[in-house]
Every structure is written in structure tokens, then in C-alpha cells.
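K.L.:
Sequence isn't available, so here's the structure alone:
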DNA sequence: TGCCAGGCCGGGT
DNA sequence: ACCCGGCATGGC
């Protein structure tokens, strides 16, 4: 079976190749990155994570013990550093209290149940929860972000006012529930968004999806 | 220089 | 049920 979104995936994969997202990083590091990258450039997040690594803090029990102000200073390059320090601590407390610090135990719980539990953590919204499920837990939850929304809306495949779960359902109903596919697809959409679908750039000549635009070019914004 | 980046929360209408 | 401001650093 083939669907328009499968075709789009093939186009993106042919054009950009595999993205190797979050390769070789520990699940914990992925979780930390998922919080730090909220509305933030990955380059800044990388600096913050490098600080944590240099401080020998990329380990749950060390992280859950470090003072929030100290954590805040270390993650400063990632921006919003005070709120993110709070959010990270909320996540660490959850991992320790609910699963005794075992990520393996956490990801063994049924995905839909776990997703609801993650969403209940202060500072974890749908994209962060789905990123944790997919990229740290290797569970098939499709990640939607601002780029996903913009790319699909500009092409007329969804309404501009479609909400997170409408967009997620659109993907999950159009694709086989495969972790590798979800992983690669989201990463490819981010790549496309960064290079060809910026807010300030409604159209780009080299965009591999140009011939899929509606007549008259991309719908604004 | 202003705008943007792999969101989310809380308060006001 | 929306809508909007706050949160903050760094790159182009």
C-alpha cells in the first residue's frame, strides 16, 4: 500500500539521505536533549550537553542530585536555562520515583500509558514526550514539530490550524508503525524545514517538494 | 539589526 | 475555548 505521505518520504530520503538522528547517544542523553531543544537551535543544545559531559553529569543519579542553580548554569547556552533546569529536574524525579531510575523499566510500559505519564510531567509537552518515546525508547510514536506543521500546511495537506494530534494522526494513519521510518521521517522534515522551508522563506527553488505545491505556490505563511 | 531556533506554561479574555 | 506574553542564548 502506498500513500501520499509515503511518497513524500521517499522523495525526502532520495534527496537528503539518512539523517542518523541521535546516533550512539544514551537514552538519558536523548531525554536531556529533548527538553533542551524546546524552541532552541540544536547547536546551542549541543554546547549545553557538552558542559554536562565535561562535568561528568550525563548519568541519572548524578543529575538528579545536582543543585538546580548549578544545572542551570551548565545548560545556559541552550537558553531558557532557568525554566529548563526546573523541567529537567521534574523529569529526573519522575524517572527515579516512578521507575527507580530504570529507563529499561520505563520503556517496557505500554506506549500509550507511558505517553500520558510523560505528558503529566511539568515541562513535557507532546513533542518532547514523543521525542523521548521515539528516539530514546525506540517506540513508534510520530514526532510533530513546527517544521512538520509548516511543511504540510504550505503544501495544503493539512489546515494551518490543525493541532498536534491531528497532524500526528495524519502520519500514523498513513504510514506503517515502524520505528525506523518514524525516526527518519521526522529528521528529514526537520532537515527540509531548516534548509528549504523557513518562516521567512515561503518558497525555495531547490526544494525537492516544489512540484507538489498547489497552483500559485505555497500557501502562506 | 532584527528575526529565528527540533516548545511549553500560565494568565487573561 | 482561544489568545498571548514570558522564558534566553547564539547565529546569520
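P.N.:
Everything's here; your move. Note that the structure is predicted; figures quoted are calculated from it, not measured.
K.L.:
so which helix or strand takes in the residue nearest to the spatial centre of chain A?
P.N.:
Relative to the mean C-alpha position of chain A, the nearest C-alpha, by C-alpha atoms, centre = their mean, is the one of residue A:131, at 4.2 Å. With elements taken from DSSP states H and E, the one containing residue A:131 is helix A:126-131.
K.L.:
That helix and DNA strand B in contact?
P.N.:
Yes. Helix A:126-131 is in contact with DNA strand B by C-beta under 7 Å from any atom of the strand, via A:126, A:127, A:128, A:129, A:131. For every residue, glycine as well, the C-beta is placed using N, CA and C.
K.L.:
want to throw these into CSV with pLDDT?
P.N.:
Converted to CSV, the residues of helix A:126-131 next to DNA strand B look like this (pLDDT from 0 to 100):
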residue, pLDDT
A:126, 98
A:127, 98
A:128, 98
A:129, 98
A:131, 98
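K.L.:
which of the residues you listed has the most neighbours?
P.N.:
For these, neighbours were counted by other C-beta atoms under 10 Å; the highest total belongs to residue A:131, with 26 neighbours.
K.L.:
ok, it - contacts?
P.N.:
Contacts for residue A:131 (C-beta atoms under 8 Å, 6 or more residues apart in numbering) come out as A:30, A:34, A:143.
K.L.:
DNA strand B: which of the residues you listed is nearest?
P.N.:
Among the contacts of residue A:131, residue A:34 lies closest to DNA strand B (C-beta to the nearest atom of the strand), at 6.0 Å.
K.L.:
Which of the helices or strands spans that closest one?
P.N.:
Under the criterion DSSP H and E, the helix or strand holding residue A:34 is helix A:27-36.
K.L.:
so does the following helix or strand past that helix get close to DNA strand B?
P.N.:
The element immediately downstream of helix A:27-36 (helix or strand, assigned by DSSP H and E) is helix A:42-54. Yes. Applying C-beta under 7 Å from any atom of the strand, one finds that helix A:42-54 is in contact with DNA strand B at A:42, A:44.
K.L.:
who's in contact with the closest residue to DNA strand B within chain A?
P.N.:
Chain A approaches DNA strand B most closely through residue A:125 (2.2 Å), counting by C-beta to the nearest atom of the strand. Residue A:125 is in contact with residue A:119, counting by C-beta under 8 Å, 6+ apart.
K.L.:
what's the answer for residue A:93, then?
P.N.:
If you count contacts by C-beta under 8 Å, 6+ apart, then residue A:93 has residue A:64 around it.
K.L.:
Contact residues of chain A facing DNA strand B?
P.N.:
So far as C-beta under 7 Å from any atom of the strand goes, chain A lies against DNA strand B at A:21-22, A:33-34, A:37-42, A:44, A:79-80, A:83, A:121-129, A:131, A:135, A:145-147, A:190, A:193-194, A:198-200.
K.L.:
Try it again at 6 Å.
P.N.:
Near DNA strand B, the residues belonging to chain A are A:37-42, A:79-80, A:122-128, A:131, A:145-146, A:190, A:194, A:198-200 when assessed by C-beta under 6 Å from any atom of the strand.
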